[in-house]
Structures are given as structure tokens and as C-alpha cells.
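Asks: next comes the sequence, and after it the predicted model I'd like to discuss.
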Amino acid sequence: MVSRAAVPGESPGADGDLRLERVTKRFGSFTAVDDISLSIPQGSFFALLGASGCGKTTTLRMVSGLEDPTQGRIYLGQREVTDLKPYKRPVNTVFQNYALFPHLDIFENVAFGLRRRGVKDVRGQVEQMLELVELGHLARRKPAQLSGGQQQRVAVARALINQPQVLLLDEPLGALDLKLRRQMQIELKRIQTEVGLTFVHVTHDQEEAMTMADTIAVMNAGRIEQLGSPAQLYENPASTFVANFLGQSNLISGEVTGKDGDVITLDAQGRRLTLPVARARVEAGRIIAGVRPEKVSLALDESAIPAGHNVLTGGVVSDASFIGVSTQYLVKMPWGPEVGCEEMSVFEQNTGREIHRPGTPVLLHWHPAQTFGLDGSQDLDAGADLDDEAAA
Amino acid sequence: MSAASSSPLSGPRTAAAPAAEPRTAAGRRGRGPVEWIRAHVLATTSVLVFVFLLAPNVVMFVMSFNAPIGRYNYIWHQFSADAWRHPCAVGDICQHMGLSLEIGVVAMIGSTVLGTMAAFAMSRHRFRARPMVNTLLFLPMAAPEIIMGATLLTLFFTTIGSGSMGFWTIVIGHIMFCLSYVVVTVKSRLAGMDPTLENAAQDLYATPLQTFMKVTLPLVAPGIMAAALLSFALSVDDYIVTKYTAGDQITFPLYVYGAVQRSVPTQIDVIGSMMMLVTMTGIMAMLVVSRVRARRR
């Protein structure tokens, strides 16, 4: 599944795959979506992840037909739908604000699509669908009389009842509070597994994308930065943007000094680090070495560090927050922003380890296999602020 | 509180005591007339507003049961239901009323249809003449009616001549000034409508026509209804524009105005009361229906 998604435009077009071929959308001089190619396998849960304004919603609207691409083609299976009107596409959308019809009750809202397609007996199907989202008892209420979570479920039911080939979800959980959002994430995933439809989910919430999707496409400035499973994206980000946007990363830039078998050695301001060739995006020249905070350990002296580990010296704990399962440290490093993160993040599991107070000089170390390598010409901070924004 | 009073020596009570004192003082002061008005400002204002709005109607209703001495129904003499029994007995009063109602209905339909279409065009499309059209539509509301009337007279006089003026020239004049009110009312309703609702309808297999009929129109309908009623009311009671465009036709307002010079028959109050009663019954019915609907849920 994943490998097929990773080779855009080349799949033979299985019956229900959704394919975008070199799709571009411009609004005047602004390019919202820039030459995107995607192949989303039938039955998968696909997430388009990115900060606001990255083009993810525009991409979704082009799939639903509410927006026409400036260039490129869109296929559903073998059929080209690029110029098909929205009401002729076997695609339905769950809108960000739900867009329930305020003048119709819940039953009629859900029945709307069936009636437009001339289905005579809608009662059975509507009741069944309302049962699926556990709202059967509210069929005769108006949308305004429902809570946010209930409205959200009506919006899902109203789209799903048409058994579309693809269900599009445009930040459907954005308006809900955290607890309800968690609950609805599980609910949506359950429904998707149950009905087996292709779900394309647009979100700015990286945690939401990771929890729900089989495949995630990280979008930035109208382009796809990287596409893969949540684990692939997290463990092997392709760019500093992905490394910073999806979770946190400690990044240090350096120069490749040698390659020995499947290990690359690099020099970062006199410090020698190693990483596996398989996880490096470049094998020569400038490189950025990255490691996730939970992979790093702290030590007070060299003797406590296992042989062969990557070691960074000269750090001083600047902040330690105890959050129960782990302790999250910020360690001030003896270098400027041109070398790497001035403060490294370290998450240590609370397995009886000593908690280091701020001001303690420490050594950072981790297994070389946990290191990933990125092209050294990138901005170290790309995507970092956006993540804070999205989390807020 | 009760716990504090049961143990008079405890700390909380001494703290609460000074707070209780001003309250009794305020209660004592509350007996003065100024304080009483201050406490009943809302009620007083409401009553005054109702009196202000209802008094003319009540006077009209009462006087419709009067048997006046002479031709002027100005002074209460004695009760009589004669005028109610024969509302059309004075001259051609009912024909004039009929003409007004007819013009009202035609002007209402014309201005509502045109105004609704204009409102959609104005709020959905950006075209070059849009600012100009906007100004033109606003003009009848801003310009003095008497100027409009005089101008219309000049226009009709020089184009079709005074002999051809009548029903249709009145209708045209009425549509002209009703149009602005319709556009304003419908436009504000459209502005309040969530545009994604139409997207959602299209996404759910509704063709553009179905989207309009099943989603847009039902949602804008209250605005259109209000605009229609407003146009009807404006048309039926218009005097000035009608006066200049009527030719030899006499609508109800023209008749009343003319009659006052010679006599004020009780029937004028009867017809006025009837219109008020019909309106109030309609509003009541709508309220009852919406209450019943709300309770059924």
C-alpha cells in the first residue's frame, strides 16, 4: 500500500484509486497548489498534513470539484474527473464547519444526497446510517439543537450514506475540544475500517494525522514535502521541515568526512558523529544530522556511555520538566545557531533514573543507528514555528 | 448564613454584619418615588412605548363605532355599528380600496422578483457597473419622495402623456421605490448565509437549480417574505408618488386625503381597523404556529 502511494502517477490505476497528476492551482499570481502528483490507494486512510495556507484544503476542493485545477488531471480509478461538476463526482465531503442545512432536520440532512439521486425509499438507509453514528434518537431535531460533536457525526453520516468512492474530510475535528476530538478520531477510524472507503483527511494537527492515517503527505507551500507512513515520516524525515513539523528534532549541521561500509562519518565543529548510510539523504558534502529527543540519553561523565555511541559534550541542563512518564530536558549547547539547535531536547523515561537539575553539565549520547541525515543546504529551523502554531 | 447566626460570637458573623446594613438602608430609600421609577425604568419605558404605538390605533378602532353628528367623525357622539355593517356605503370607498390592494399586490410581486434578482446579482457577482447600480438602488430611499413623484410626472407626461397615466404608471412608480427596500432586505439575508452550504449541496449531488431550490431559496425565503410584506405595505399607503403618477385614478390614500376636505366618514376608521385586525391576526397566527412547532420537538 505504502510503496504504491510513494510512487505517484505510476500505479496502473486500480479500480478505486484516487490519482492526481501534476495538479497546479493558481489564484491570480498566488500558487496555492504547485505541481502535485499523488496516488491514494482504494480503502486507505490518507492524511494531508500542513500548516494553514499550505494548499491542503485547495487540493481537497479540487478533488471534490468545488475548485478547478489550473493545470493537471485528476483520476478516480480509470475515469478522469478533472472537468466533472461536483454534483457528478462519486466523492463526498465533510466540511470544516459541517455545513449542515439549518432548515432541514437531521433525517433530511442525511437523506439529502439520496433524494438528489432519485432514491425513492430512503428511510431504511437513513435510519441505518444514523445508527452507525449513534444518532437515531435525534432524527427529527434541527442541526442547531445538536452539540458540536453530534453535528460532526451528522456531517459524516450525510456524506457516508452516498457510499462515495472517496470521502474527503476537511479539518472535521478542528472545532471540537481536545477530549471530544480524541474520541472522534477513534470513532472516525472505526467507521473507516467498518465501511472500507478511501478517506482523505486534511489536518494541521500532526498528532491527529499520525493517529488516524495509514499514509501521510506533509505539505508545505503548495508542494508535498514527504509522503509515507507515520513511522517512516517520524523516523526518516526527508527534510528539516518534516523533521521539525512532525514532532521535535535535534539538528546539527556538519561535513561528511568519510564513508565506511554502511556507516557515514561526519564532522560537526570538531565533534565526530556517525550514522547509517541507509538513513542519510546525502553521502558527501554538507549534511545535517538529526536525532529525536526520546532517543538521546544524558550522562555525567564518559565512563557511563556505551562504546560506539554518538557523544556531544559541553551541554548544560537549562530546563527540566517532570511530566510523569518522562522528564523533558532542554540542554544548552556550546555553539551558535549556525551549527545546530542551541538547545537540544532530551526526553528520558522515568525508570528510576536520576533527575538532573538545571545548571548541571551533561554529555548527550545516543546510538548511531538512531541518527538520520538530511541535505545540509536546508534551513535548520524550517517548519519549527509552524508546529508551535499548529499546536496552539 | 444560618450557621453564622446560630453562633453569634464567631468571626464570620461580625464580618457579615456591616454588609447587611446598607441593604436595609437601600430598602428604606427604595420607597421614594425617584427610587421607584429607577427600579421600574424598563417597565415604564415599555408601557410608554406601547401607549405611543397603540393609542392612534385604539382611537381609530373606537371612532369606527361612532355615530357622528354631521359629516366629520371627530367627536364621540354615541355607539353605532352601522359603519361596520355597511363599510362600502360611502361613495366608492371600497373601489378605491380595491384599486389600492390591486396596485399593492402587483407592485409587491414586481419589486420582490426584481429586487431579489438584483440582490443575488449584487452579492454574488463582481461586475463593472456594480458600484453604480448600488448607488442607483439606494437613490429612491435617499431622495425626497416629492422630488421623485414630480420627476416621474415629468417623465410620464413627456413620454406617454397625461391621458395614458393610471394603474400601470402608479405600479411603475411604486416598484421603483419598493425595489431599494427589497434589495436591502434580501441582500442582508444573503450576506448572513454560510456560502459552504451551497458547496455542500453541490457536493451532495444537487444540480445548480436544485441547490437554489432546495437550499438557497428556503434559507433566503424569510428575507424575501419580509421584503414582500414591506413592499405591499409601502405601496398601499403611498400618497405622494401616487398623486403624481395616478392620472385620473383614485387610490385609497388619495380618496382619504380628498375626502377629508369635505367630510370624514366613519367608514375610513372601519377600513383602517380592518387592515389593522387582519395584520394582527396574521402575526398572531405566525406566532402560534411557531410556538406549536417548537413545542412538538
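Replies: Great, that's in hand. Numbering: from 1, shown residues only, chains lettered A, B, ... in the order given.
Asks: state the phi and psi torsions of residue 255.
Replies: Let's take chain A. phi -120, psi 130 (degrees, to the nearest 10).
Asks: ok, it - contacts?
Replies: A:266-268, A:285-287, A:376 (C-beta atoms under 8 Å, 6 or more residues apart in numbering or on different chains). Where C-beta positions appear, they are placed from N, C-alpha and C, glycine not excepted.
Asks: write the ChimeraX selection for whichever of those are buried.
Replies: Command for ChimeraX that selects the buried part of the contacts of A:Glu255, burial taken from 16 or more other C-beta atoms under 10 Å in any protein chain shown:
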select /A:266,268,287,376
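Asks: find the pair from the contacts of A:Glu255 with maximum spatial separation.
Replies: Greatest spatial distance among the contacts of A:Glu255 (C-beta to C-beta): A:Ala268 and A:Gly285, at 13.7 Å.
Asks: still on that earlier bit, closest one of the contacts of A:Glu255 to B:Thr135?
Replies: A:Gly376 (61.5 Å).
Asks: skip the chain neighbours and tell me the closest residue to that closest one.
Replies: Spatially, and ignoring its direct neighbours in sequence, A:Gly376 is nearest to A:Arg286 (2.7 Å; C-beta to C-beta, 6 or more residues apart in numbering or on different chains).
Asks: where does the chain have low pLDDT?
Replies: In the absence of a named chain, chain A is used. A:1-14, A:385-392 (pLDDT under 70).
Asks: my bad, the chain I had in mind was chain B
Replies: For chain B (pLDDT under 70), the answer is B:1-30, B:296-297.
Asks: so who does the residue nearest the centre of it touch?
Replies: Compute the mean C-alpha point of chain B, and by C-alpha atoms, centre = their mean the closest residue is B:Leu230, 5.8 Å away. Each residue near B:Leu230 by C-beta under 8 Å, 6+ apart is listed here: B:178, B:181-182, B:185.
Asks: for the residue nearest to A:Gly376, phi and psi?
Replies: phi -70, psi 140.
Asks: need the contact list for it.
Replies: So A:Arg286 contacts A:253-256, A:375-377 (C-beta under 8 Å, 6+ apart).
Asks: same check on A:Pro237?
Replies: Contacts of A:Pro237 (C-beta under 8 Å, 6+ apart): A:226, A:243, A:246, A:249, A:290, A:372, A:374.
Asks: would you confirm that B:Ala81 contacts B:Ser64?
Replies: No: here B:Ala81 does not reach B:Ser64: they are 9.1 Å apart, not a contact under C-beta atoms under 8 Å.
Asks: which one of these two has more residues nearby?
Replies: B:Ser64 (22 against 11; other C-beta atoms under 10 Å in any protein chain shown).
Asks: break the chain down into its structural domains.
Replies: Here I'm looking at chain A. Following the assignment in automatic domain parsing, chain A carries domains at A:18-235, A:246-391.
Asks: try chain B instead
Replies: B:2-85, B:93-264.
Asks: as JSON lines, those with distance to A:Val63 would be great.
Replies: Shown next, in JSON lines, are those (distance: least, C-beta to C-beta, whole Å):
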{"stretch": "domain B:2-85", "distance to A:Val63": "56"}
{"stretch": "domain B:93-264", "distance to A:Val63": "11"}
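Asks: distance of the residue of the stretch 201-350 of chain A found nearest chain B from A:Ala382?
Replies: Nearest residue of the stretch 201-350 of chain A to chain B (C-beta to the nearest C-beta) works out as A:Val202 at 14.2 Å. Between A:Val202 and A:Ala382 the computed distance is 21 Å (C-beta to C-beta, to the nearest Å).
Asks: between these two, who's got more neighbours?
Replies: Taking neighbours as other C-beta under 10 Å, A:Val202 and A:Ala382 compare with A:Val202 leading, 27 against 18.
Asks: report whether that one is found in a strand, as I expect.
Replies: Yes: A:Val202 forms part of a strand when assessed by DSSP: H, G, I helix; E, B strand; the rest coil.
Asks: just checking, B:Leu101 touches B:Val236?
Replies: Yes: with contacts counted by C-beta under 8 Å, B:Leu101 reaches B:Val236, the gap being 6.8 Å.
Asks: let's see which of the contacts of A:Pro237 end up in helices.
Replies: Counted as lying in helices by DSSP state H, out of the contacts of A:Pro237, are A:Ala243.
Asks: A:Asp267 sits in which helix or strand?
Replies: Using DSSP states H and E, A:Asp267 falls within strand A:263-268.
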